[in-house]
Structures are given as structure tokens and as C-alpha cells.
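Next come a sequence and a model predicted from it.
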Amino acid sequence: GAVVSQHPSRVICKSGTSVKIECRSLDFQATTMFWYRQFPKQSLMLMATSNEGSKATYEQGVEKDKFLINHASLTLSTLTVTSAHPEDSSFYICSARGRRHGGGRDQPQHFGDGTRLSIL
Amino acid sequence: GQQLNQSPQSMFIQEGEDVSMNCTSSSIFNTWLWYKQDPGEGPVLLIALYKAGELTSNGRLTAQFGTTRKDSFLNISASIPSDVGIYFCALRPNFGNEKLTFGTGTRLTIIP
């Protein structure tokens, strides 16, 4: 089945550091990627929607200058948390949807395994 | 924004028991999705429902799209240890809009 790979799976860094998280679709072309944040014992909250080759659309309350999203190719989107602070510590999850290589019907969203970000 | 309430919030059951959980929304939707999330991992799609009244099975899992289009149910029969996790319902606003809203989740624990 469709696979979405997220890297790194875990990162611990000092306050003020910028952290980049990668999200790759391994066997399909992801026309759209989504970035979610999940705090402990809470649900997933959509942060932004990223379409290949265009600017990301951010949800209300999400700072676009703090959470930089780049979707430069059909298989890769990155989320950079700039000048991270302890309150940014969370579980970040990406998902991707698109057509399988060679065409075909659009697929449902497939999720990566998440990145646990801990800011000291 | 859209509210999706799941109940129960948590369940403690014995292996072999059947499980039932539900999800209700404040508005009508066209697509209901059920996901399972294991600790430290991303959610995995279990069942997708597209029509009011639709009943769909995936192995021991059965989900139904309520006729009012404001609720959905997920049942797990004969639970096994690997069923442990958090179950989320999720909604798509309409066809062509892929933004998902997730429910509050139901945490399932199996007592040995």
C-alpha cells in the first residue's frame, strides 16, 4: 500500500534552534500534503495544507513565519519550525494524498509515523 | 469550528469482548473516516464511509454511517491485544476538500 515516510522520528534540541522535518511519499505522487500537530492525549490538529509548487495554506492561529512549509516536488514536503521554544514541543505528523504513479484515481490521505519534537 | 465528539473517551475491556464506540458531529458531512493510532505512530485508516446508512466491514471491524449523516459507529468484535490504541473518527467537509477534522478519540485498553 501507499507509504509516507517522515524523518526524523524524534528530535531533541535547544530552545532557539530551527528544526526541519521531512515528509516523503514513497510510491505515489503527492499532489497535496498536510501537516498536523498533536499534543499529549489530544487529537490531531491540522496546521497547514501544502500543494506542490504553491504556497501553503495555514489554519487559523498557526504562524506561517514560524512554521515554514515547502512542497518543492511531488514526493517531498518539509516543515521547518523556526526558533523553536519549549511550547513548540509536540508530535508533528504529515499526511499525503495524490495519484499513484502512472495515473489512476486519487487516493485517500496516508499518514507518516510522526516526529516527536522536544525543545529543551 | 466543527466539533466532533467521540464516546466513550476511554474503554477498558477484556480480551475477547466486543467494542462499540461512536462519533457525533454538529453538522452534516458526506464522508466519515475511522483511524487507529498506535503509540508514537501516525494514524492508519481503518474504514471509510461515503453514503448515509452505509455499513462497511474490515475484518473484525464494522462501521456505519448514520442515516442523519451526523454520526457514525465503529464496532470491534472479539477484541485481541493488538486492538489497543486510540481510535479517531475524522470528517471531510465535502468531496474535493481533503482537509480532515479529527474527533476527540477513544482510547482502548485491553485488560489481561
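Arrived safely, thanks for sending.

Give me the neighbour count for the residue nearest to B:Leu55 when sequence neighbours are not counted.
For B:Leu55, ignoring the flanking residues on the chain, the nearest one in space by CB to CB, 6 or more residues apart in numbering or on different chains is B:Gln64 at 4.7 Å. Any C-beta I mention is one placed from the backbone N, CA and C, and that applies to glycine too. Residues within reach of B:Gln64, counting by other CB atoms under 10 Å in any protein chain shown, total 20.

B:Gln64 contacts B:Glu54, correct?
Yes. Counting by CB atoms under 8 Å, B:Gln64 does reach B:Glu54; the two are 6.9 Å apart.

and the residue nearest to B:Leu55, what are its bridge partners?
Under the criterion DSSP bridges, B:Gln64 forms beta bridges with B:Leu55, B:Phe73.

In chain B, which residue sits nearest chain A?
Distance from chain A to each residue of chain B (CB to the nearest CB) is smallest for B:Gly42, at 3.5 Å.

looking at it, A:Tyr92 is touching A:Trp35, isn't it?
Yes. A:Tyr92 is within contact range of A:Trp35, at 6.7 Å (criterion: CB under 8 Å).

Need the residues touching each of the two.
Overlap between the contact sets of A:Tyr92 and A:Trp35, as judged by CB atoms under 8 Å, 6 or more residues apart in numbering or on different chains, is given by A:Leu79.

Near chain B, which residues of chain A? Just list them.
A:4, A:6, A:32, A:34, A:43-46, A:49, A:93, A:95, A:97, A:108-114, A:116 (CB under 8 Å from any CB of the partner chain).

Which parts of chain B are helices?
Defined through DSSP state H, the helices belonging to chain B form an empty list.

Could you check the pLDDT of the residue of chain A found nearest chain B?
Ranked by CB to the nearest CB, the top residue of chain A for proximity to chain B is A:Phe111, at 3.5 Å. We note a pLDDT of 94 for A:Phe111 in this prediction.

What sits closest to it if chain neighbours are left out?
The nearest residue in space to A:Phe111 (CB to CB, 6+ apart) is B:Gly42, at 3.5 Å.
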